[in-house]
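Novice: Have a look; sequence and predicted model below, questions after that.
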Amino acid sequence: MTQKALPIINFDRCDRCGACVTGCPEQALTMTKAGPVFIQPVNCTYCTACEGFCPTGAIRAPIKVRWALEN
Ligand code: SF4
Ligand code: SF4
């Protein structure tokens, strides 16, 4: 089974402003008392836009570049 990549939320840094929830173009997030959670993780396209909405750097969508090795 392939695991879907989702942005990582650091609840210690999150101030519960809701910007990522309202800004997500796919409605993948919802707000709870604890902070934003993925209510529709399948909707997330990993567009990384939520990183730009977050004023505290609490939500991160890191991208790893892998180089294909040639023989
Ligand atoms: S990466 Fe894009 S689609 Fe996924 S939660 Fe963030 S804003 Fe929404
Ligand atoms: S935008 Fe950042 S600080 Fe605001 S609710 Fe989302 S993760 Fe928390």
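Specialist: Cool, got the structure. Numbers count the residues shown, from 1 in each chain. Ligands and ions are numbered 1, 2, ... in the order given.
Novice: if I look at residue 13, how far off is ligand 1?
Specialist: Going from residue 13 to ligand 1 by CB to the nearest ligand atom, to the nearest Å gives 16 Å. No exception for glycine: its C-beta is placed from N, CA and C like everyone else's.
Novice: which residues touch the closest residue to that residue other than its chain neighbours?
Specialist: Of all residues not flanking residue 13 in the chain, residue 58 sits nearest, at 3.8 Å (CB to CB, 6 or more residues apart in numbering). When contacts are counted by CB atoms under 8 Å, 6 or more residues apart in numbering, residue 58 touches 9, 10, 11, 12, 13, 14, 15, 35.
Novice: which one among these gets closest to ligand 1?
Specialist: Closest to ligand 1 out of the contacts of residue 58 is residue 9 (9.5 Å), distances taken as CB to the nearest ligand atom.
Novice: Nearest residue to the closest one in space, please, no chain neighbours.
Specialist: residue 59 (5.1 Å).
Novice: Can you get me a residue count around that neighbour?
Specialist: Neighbour count of residue 59, defined by other CB atoms under 10 Å: 23.
Novice: surely it meets residue 7?
Specialist: Yes - look at residue 59 against residue 7 with CB atoms under 8 Å: they come within range, at 5.2 Å.
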